[in-house]
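> Pasting the sequence and the predicted model now:
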Amino acid sequence: MLPLIIDVEASGFGRGSYPIEVGVVMADGISHCMLIRPELEWKHWDDSAEQLHGISREQLQRYGRPVTEVAASLNDWLRDQQVYSDAWGNDSSWLALLFDAAGHRQQFKLESLRGLLSEQQLQWWHQTKDDIVASSDFNRHRASYDALILQRTYQQTEQLALNT
């Protein structure tokens, strides 16, 4: 069974940054993605982060979902499950901010993807991920695409480890 993967895009890095998009890939490969409408007090914006993810403030205002809706959806999709992130330090902070702003309790457990990987998988991780990105039609750096790439990389490195 494949691990559930989550990825969070943010307004920037460091102090004052906040989540702007969350993407999840389920064990069956189905993905979910939501833009997040920033709370009024969320002001930080890093233009270099926008260059990376390609999401503008205007898009967030127009298409973003309220934090209460995003938090409720995440709990519905992920309730009582283990979910993995390749950027646990950042993603856990941004998810904590999201759930706090929504007034909801996070009902799933977030862990580092690295802890799930064997030594063999770690050896092949970067090259396998690069190969998947190069051969895919994912031309945007977005949360659901990133989560799917991570899940496929996990799957391929697991297969490589089994075959050696």
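Thanks, I have the structure now. Numbering: from 1, shown residues only.
> Just read off the phi/psi values of residue 131.
phi -60, psi -40 (degrees, to the nearest 10).
> So it versus residue 101, what's the distance?
With distances taken as CB to CB, to the nearest Å, residue 131 is found 38 Å from residue 101. Quick note: C-beta positions are derived from backbone N, CA and C, even for glycine.
> More neighbours: which of these two?
residue 101 (20 against 14; other CB atoms under 10 Å).
> Give the buried residues for the one helix or strand the more buried one maps to.
According to DSSP states H and E, residue 101 maps onto helix 88-102. Within helix 88-102, the residues that qualify as buried are 88, 90, 91, 92, 93, 94, 95, 97, 98, 99, 101, 102, counting by 16 or more other CB atoms under 10 Å.
> Would you mind listing the outside residues contacting it?
6-8, 10, 13, 17-19, 22, 36, 39, 42, 67-68, 70-72, 74, 85, 105-106, 110-114 (CB atoms under 8 Å, 6 or more residues apart in numbering).
> again with stretch 59-74
With CB under 8 Å, 6+ apart, stretch 59-74 has contacts from 20, 22, 24, 32, 34-39, 95, 98-99, 101-104, 106, 108.
> related to what we said a few turns ago, can you tell me which of the contacts of helix 88-102 end up in strands?
6, 7, 8, 10, 19, 22, 85, 110, 111, 112 (DSSP state E).
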